[in-house]
Every structure is written in structure tokens, then in C-alpha cells.
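Colleague: Show me how the following folds:
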Amino acid sequence: MISGIIMASGFSRRMEQEKLLLQLDGVPLVERVIQRAKASNLQEIILVYRSEAVGAIGYQYNLKTIHNPDAHLGQSMSLKLGVKAANPKTQGYMFFVGDQPFLKVDFINELIEAYYQKKHAIILPRYKGQQGNPTIFSSSLKDELLSLEGDEGGRKIIRAMEVKKIKYVDSQDQQMGQDVDTWEMYQQILASCKS
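Modeller: Have a look, this model is predicted:
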């Protein structure tokens with residue numbers, strides 16, 4: 001099995017409001033990610049949250065929800081809480097960001113299938129050549145994941161990994177890899193959805 005971990009405890013500092021609750025087609029950004037994860041072949045989904053309003057959405061979908069009281073210490077705290085909460089028998093951890101509203105179920109499953117081929121320790125998506133999320137890390141890297149600090153996430157592990165142990169899964173759908181970091185970007189997305 002692979003455990004999906006939705007990291008949703010950031011502070012949205014560039015947005016200056018809780019961006020995960022911003023709506024697209026009437027659905028909060030984080031809920032769109034949850035819906036796609038739930039519809040995929042993942043057997044376990046964990047939501048790591050800071051805001052109670054975000055956590056409440058996870059409850060609605062019967063996710064394993066983990067509050068992150070130390071979100072100020074960076075992305076690594078979300079990552080580690082998710083890893084610790086995952087089923088001990090999991091074969092891998094699939095890390096999602098909560099603000100990637102155009103992610104598609106078929107592509108999530110394609111990444112999962114690439115991991116189940118058991119040839120690589122890390123699966124990374126690329127959208128028109130640009131590396132993005134969600135990423136999958138083998139459970140054999142659990143200790144390395146739990147040793148991360150600060151706001152770097154898994155990039156440190158990726159850089160240290162042998163190239164032959166990393167598999168890239170490519171998509172030409174650039175929009176699918178888009179996350180929402182600024183109010184201007186959110187407005188552009190809203191405008192593109194209306195056109």
C-alpha cells in the first residue's frame with residue numbers, strides 16, 4: 001500500500017489569508033485535492049493541517065487528520081507528522097500539497113503504478129519538464145524523512161539520491177502541476193476557468 005499525505009498546514013504568507021479555503025467552482029482548493037486523492041488507488045489518506053477549518057474538511061471525508069501545532073517550524077513538520085501517522089505496513093509515502101487544484105486522478109494513479117514497478121525509491125512528476133507534486137518516497141527512506149528539518153521538504157533527499165533510483169513521470173498538462181501561491185495567481189486561475 002501507499003499512504004497519501006496531504007500537507008495542508010502552511011501559513012499562506014504570500015496570500016495573506018488561508019489560501020486552502022479559497023474556492024474554485026465552489027469547492028475549496030484543499031477539498032479539490034482531497035477529492036482526487038480519495039478517488040485514486042491510494043489505500044490510506046492523511047491530512048496534516050494547522051487551521052481547524054481545513055481539518056474540518058478532512059473530517060467530512062473520513063480522512064486520518066493530524067493537527068500540526070509546530071507548523072511554524074516549516075514544511076518538514078507536516079511531512080514528519082504524516083510519516084509517523086502512516087500505517088506501519090505502508091510501502092511508500094505520496095506527498096501532496098493542498099493547493100494544486102487541477103491534479104487529475106488518472107495521473108495520481110500513473111504515479112502510483114510507476115512506484116509499484118519497484119524499480120525506484122522516489123517517483124517525481126514533471127509537468128512540461130518542470131518538477132512538481134505529488135511525489136512518492138519509498139518507506140525505506142523513512143529515517144531520512146524523519147530527520148528533515150526546516151522548510152525544505154524532501155528536496156534534500158532527492159539531491160542525495162542516486163539518479164538511477166529516481167523515476168520521472170512526465171505530463172504535458174502544465175496546468176495540472178500548478179499550485180496557488182499568490183492572490184494574483186488565484187485571480188488568473190479564476191479568470192481562466194470562466195473563459
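Colleague: Confirm for me that Gln172 is in contact with Gln130.
Modeller: No. Under the criterion of CB atoms under 8 Å, Gln172 is not in contact with Gln130, lying 11.2 Å apart. Quick note: C-beta positions are derived from backbone N, CA and C, even for glycine.
Colleague: Identify the residues contacting the host helix or strand of Arg159?
Modeller: Element membership for Arg159 (DSSP states H and E) is helix 155-160. Helix 155-160 has contacts (CB atoms under 8 Å, 6 or more residues apart in numbering) with 122, 124, 135, 137, 141, 144-145, 148, 166.
Colleague: Please identify, among these, the one with the most neighbours.
Modeller: Phe137 (26 neighbours; other CB atoms under 10 Å).
Colleague: which one is that one nearest to, not counting chain neighbours?
Modeller: Excluding the flanking residues, the one nearest Phe137 by CB to CB, 6 or more residues apart in numbering is Tyr93, at 5.1 Å.
Colleague: quick one, what contacts the one you found?
Modeller: Applying CB under 8 Å, 6+ apart, the residues near Tyr93 are 2-3, 5, 82-83, 86, 136-137, 139, 142, 145.
Colleague: for Ile2, same thing?
Modeller: By CB under 8 Å, 6+ apart, Ile2 lies in contact with 42-44, 90-94, 112, 115, 136.
Colleague: Cross those residues against strands and list the overlap.
Modeller: Judged by DSSP state E, the subset of these located in strands is 44, 92-94, 136.
Colleague: Which of those residues sits closest to Leu73?
Modeller: Leu73 lies nearest to Tyr93 out of the ones in strands among the contacts of Ile2, by CB to CB, at 19.1 Å.
Colleague: If that closest one is in a bridge, with which residues?
Modeller: Beta-bridge pairing of Tyr93 under DSSP bridges involves Ser3, Phe137.
Colleague: what's the neighbour count on Gln43?
Modeller: The number of residues near Gln43, taken as other CB under 10 Å, comes to 12.
Colleague: Isn't it up against Lys64?
Modeller: No. With contact defined as CB under 8 Å, Gln43 does not reach Lys64; the gap is 11.7 Å.
Colleague: circling back to that earlier point, after the helix holding Arg159, next one along is what?
Modeller: Proceeding N to C from helix 155-160, the next assigned helix or strand is strand 166-171, under DSSP H and E.
Colleague: related to what we said a few turns ago, tell me the one among the contacts of helix 155-160 nearest to Val105.
Modeller: Val105 lies nearest to Thr135 out of the contacts of helix 155-160, by CB to CB, at 17.0 Å.
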